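Visitor: I would like the atomic coordinates for the input below:
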Amino acid sequence: MSNLFTGDLSMQNSRLRKDLNTEQLLFVNSELERKGKKKSTAYLLWFFLGNFGAHRFYVGDVIQGILMLLTLGLFGIWTVIDGCLLYYRIEDINAQIEHEAIMTIGNK
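Guide: Numbering: from 1, shown residues only. Take a look at the predicted model:
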């Protein structure tokens, strides 16, 4: 259920955020800070340990991380492709985390 490249979930989150009060916004932001993934960390892992799939492990894609580890990033090809797509993967993960936090507020 990935929203890679669509931005649908991000747009939905923006609409939902408008209805939140200050305390609820602080909760959502703290959840993002606590659970969210940082692009800088992901790219450092990709740059230095990309062929070993370290960035995949960081974002929670364990199966792909193991496959990259075993194939050395498909001999570097998969690693280069991941460098182009990593930004969007992080955006997608953080949008999902934000959405879950907003939905938690709605269930209280």
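Visitor: contact partners of stretch 79-88?
Guide: The set of residues that contact stretch 79-88 without belonging to it, under CB atoms under 8 Å, 6 or more residues apart in numbering, is Leu4, Phe5, Lys39, Ala42, Tyr43, Trp46, Gly50, Asn51, His55, Arg56, Met68, Gly73. Yep, even glycine has a C-beta here, placed from its N, CA and C like the rest.
Visitor: make it 7 Å
Guide: If you take CB atoms under 7 Å, 6 or more residues apart in numbering as the criterion, stretch 79-88 is touched by Leu4, Phe5, Lys39, Ala42, Tyr43, Trp46, Gly50, Asn51, His55, Gly73.
Visitor: using PDB, list the CA coordinates for it.
Guide: This file holds the C-alpha atoms of stretch 79-88, laid out as PDB (Å, rounded to 0.1, in the frame of the first residue of the first chain):
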ATOM      1  CA  THR A  79      22.500   0.700  -5.300                       C
ATOM      2  CA  VAL A  80      22.600   3.400  -8.000                       C
ATOM      3  CA  ILE A  81      18.800   3.100  -8.600                       C
ATOM      4  CA  ASP A  82      18.100   3.300  -4.900                       C
ATOM      5  CA  GLY A  83      20.100   6.500  -4.700                       C
ATOM      6  CA  CYS A  84      17.500   8.100  -7.100                       C
ATOM      7  CA  LEU A  85      14.500   6.600  -5.300                       C
ATOM      8  CA  LEU A  86      15.500   6.900  -1.700                       C
ATOM      9  CA  TYR A  87      14.200  10.500  -1.300                       C
ATOM     10  CA  TYR A  88      10.700   9.400  -2.300                       C
END
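Visitor: which two in the contacts of stretch 79-88 are spaced the farthest apart?
Guide: Phe5 and Asn51 (24.9 Å; CB to CB).
Visitor: out of those two, which sits in the more crowded spot?
Guide: Just comparing Phe5 and Asn51: by other CB atoms under 10 Å the higher neighbour count belongs to Asn51, 17 against 10.
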